[in-house]
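[1] have a look at this prediction, sequence included:
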Amino acid sequence: MGVSGDCASLWSAATVRHRSIRLPEQRTLRTTGIQGNSIGIVQLIPSHTIPGLIPAVAGWLYNEWGRHLPGRSPETAEHALRQEPDARGLPTTLIAVEDDEPMGVARLVEFDLDSRPDLSPWLASVFVPEGKRSRGTGTLVCSGIVEIARERGFSTLYLFTPDRASFYERQGWSVMGHERHRDKEVTLMKLELD
């Protein structure tokens, strides 16, 4: 695989550093994570290009959020992950993969919060399984979605979170206010991409 362009960004999170290089063949971000003495290669890959990993990631998303929603099933989660992005890049799902194993996921979607249909697009479904956390993977998948939103010309990106506002603030997001979502108060946040 040929690499074009130079290193675009240097991200750091906790004890892990990630260097981003674009691989044009798959629109993949390839990163090297350094933690202690171990070095691992983590790639951000669009979900629709790796169908073999979709069932596991769909299971994560369904168990974390979908099982609480009427009409949702593991199959509806799989369908969402198989969607190819439209010309605007919506929806896009990035899966962090290390040694052919999914490590985390994040999505760029048109709408995510029912009470705010006026805002778009959204960073959504950010998830890293418990045993794979504290390695910078959450920051990595979020950064990949931010890069795609920028490339597509969006000026602002939105998200909501019930309990992780400080995680996103460390990545430059700002609090817009609070909303009610499914009988819980959530923090509404934005990131200016200009």
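    Okay, I see it.

[2] and the gap between I45 and E84?
    13 Å (Cβ to Cβ, to the nearest Å). For glycine as for every other residue, the C-beta is placed from the backbone atoms N, C-alpha and C.

[3] neighbour count winner among the two?
    Using other Cβ atoms under 10 Å, the more surrounded residue of I45 and E84 is I45, with 22 against 10.

[4] run through the bridge partners of the more buried one.
    Counting by DSSP bridges, I45 is bridged to I95.

[5] return the set of buried residues in the longest helix along the chain.
    The longest helix of the chain (DSSP state H) is helix 137-151. Neighbour-count burial for helix 137-151 flags 137-149 (criterion: 16 or more other Cβ atoms under 10 Å).

[6] now swap in stretch 152-168 and tell me
    By neighbour count on 16+ other Cβ under 10 Å, the buried set for stretch 152-168 is 152, 154, 157-161, 165, 168.

[7] pLDDT added to the residues you listed, as CSV?
    Putting the buried residues of stretch 152-168 into CSV (pLDDT from 0 to 100) gives the following:
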residue, pLDDT
R152, 94
F154, 97
L157, 98
Y158, 98
L159, 98
F160, 96
T161, 96
A165, 97
Y168, 97
